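**Student:** sequence? don't have it. structure:
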C-alpha cells in the first residue's frame, strides 16, 4: 500500500510514528498504540453492523475483541481517490492459537463462551444483516453436489482423482441429503439468534498477555451460537481423527461458562454430521481448471474417506451423551 496508506492515515486523529507491512495490511505504531489498516471489500452497512456488535460486547464487559477506529469525519470507512475503502482497527500483538496445545484450545473455547454470553442483543442492532438459515445453505450445497455428480458421470476420460471422487460420491451425497432432511424438522426449534463471530477459527484467536483475543469480525452474523463452536471444534476434531476425548473436552469447557439448551446440542450435531469437507473438495474441483488437478485434492479426499468411520463413531457418542434421538 506504501504511499497510499500514508495518505489514508492522514484522515485519522492519530500521530503515526512508523508503519510496516503485515499480511495483506499495514501496521502502524501510533500515539494510540499499534493499529492495523486493511482494505475493506464489504458493504458500508456491514461495517456499521460489525461496529455495533463490537461496541455492544465491550459495553457488556467483553474486552478481548478488536475495535474499529473512526476517522476525522467519524466514519468507519475511509475511501481513497480511486474508490478503495479502508478500515483501521486496534491490533493485538501476539500469535495465533496453537491447535496442538489443548490448554490454549480450551482457553479459546472459554473466550468464545464468554463472547456468546454478551452477544445476544435485546433488540436487533441492524436490519441490514438477516438471520442465517443453515437449512437453506445446506440445500444449496446439495444442489451443487447433484450438479457435479452429473458432470462427473457425463465426463469422458477421467483422472484418478475423478474416479476416486465418483467412487465415494453416492455415500456422501446420500449422507448430505439425509442430514439436511432431518435438520429441517428441528431448525426453528427453540430459535434464539445471537450475533456470532462468523469465522471463529484458530487464526482469528490471538494469544497475547495470557489471554485470548478475538479479531476479524467481518463475517459476524445473526445465527445460533453453535455456528462458532462448530467451526472451532471441527478443525480440532479433524486433526485428532475425531477423538471423543478432544471433542467432549471442548464441549465441557464451553458448558462451564455458558449453558447450552438441548436444541443447541442437536443443531451442533447436524452441523458436525453434514459432510462439509467433502462438499468443499467437490466445490474446489468443479470451480477450478480441469487440465491439471492438484495432488492435494486427492490427499484431502483420502483423508475425508479415511476419517469417516471415526467421525461416525464420534457422532454416535455425541447423540448418546446429549440424549438426541
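**Tutor:** The structure has been received and is ready for your questions. Because the structure is a prediction, the values reported are computed rather than measured. Residues are numbered from 1 along each chain as shown.
**Student:** Show me where the stretch 101-250 of the chain has its strands.
**Tutor:** With DSSP state E, counting those that start in this stretch as the criterion, the stretch 101-250 of the chain has strands at 194-196, 205-208, 211-214, 221-223.
**Student:** any idea how far the last one is from the chain center?
**Tutor:** Using CA atoms, centre = their mean, to the nearest Å, the mean C-alpha position of strand 221-223 is found 12 Å from that of the whole chain.
**Student:** Then the third one?
**Tutor:** In terms of CA atoms, centre = their mean, the centre of strand 211-214 is found 16 Å from the chain centre.
**Student:** State the mean pLDDT of that strand.
**Tutor:** Averaged over strand 211-214, pLDDT sits at 96.
**Student:** Identify each buried residue in that strand, please.
**Tutor:** 212, 213, 214 (16 or more other CB atoms under 10 Å). Glycine gets a C-beta too; all of them are placed from N, C-alpha and C.
**Student:** For the last one, name its beta-bridge partners.
**Tutor:** Applying DSSP bridges to residue 214 yields these beta-bridge partners: residue 65, residue 205.
**Student:** separation between it and residue 251?
**Tutor:** From residue 214 across to residue 251, the span is 20 Å (CB to CB, to the nearest Å).
**Student:** before we move on, what about the second one?
**Tutor:** Note on residue 213: its distance to residue 251, by CB to CB, is 23 Å.
**Student:** now do the first one
**Tutor:** Using CB to CB, one obtains 18 Å as the distance from residue 212 to residue 251.
**Student:** outside of stretch 315-325, which residues touch it?
**Tutor:** Outside stretch 315-325, the residues that touch it by CB atoms under 8 Å, 6 or more residues apart in numbering are 244, 247, 248, 262, 265, 266, 269, 272, 273.
**Student:** out of everything not next to it in sequence, what's closest to residue 88?
**Tutor:** residue 69 (4.3 Å; CB to CB, 6 or more residues apart in numbering).
**Student:** got the contact list for the one you found?
**Tutor:** Contacts of residue 69 (CB under 8 Å, 6+ apart): 12, 14, 32, 35, 88, 89, 90.
**Student:** ok, the residues you listed vs residue 128, which is closest?
**Tutor:** residue 89 (19.8 Å; CB to CB).
**Student:** Look up phi and psi at residue 16.
**Tutor:** Dihedral pair for residue 16: phi -90, psi 120, per degrees, to the nearest 10.
**Student:** How about residue 78?
**Tutor:** Dihedral angles (degrees, to the nearest 10) for residue 78: phi -120, psi 130.
**Student:** what are the bridge partners for it, then?
**Tutor:** residue 86.
**Student:** for this structure, longest helix please?
**Tutor:** In the chain, assigned by DSSP state H, the helix with the most residues is helix 295-321.
**Student:** residues of that helix that come out buried?
**Tutor:** Buried-residue list, helix 295-321, by 16+ other CB under 10 Å: 297, 298, 300, 301, 304, 305, 307, 308, 311, 314, 315, 318.
**Student:** same check, this time on stretch 77-91
**Tutor:** 77, 78, 85, 86, 87, 88, 89, 90, 91.
**Student:** Tell me, how many residues neighbour residue 169?
**Tutor:** The number of residues packed around residue 169, counting by other CB atoms under 10 Å, is 17.
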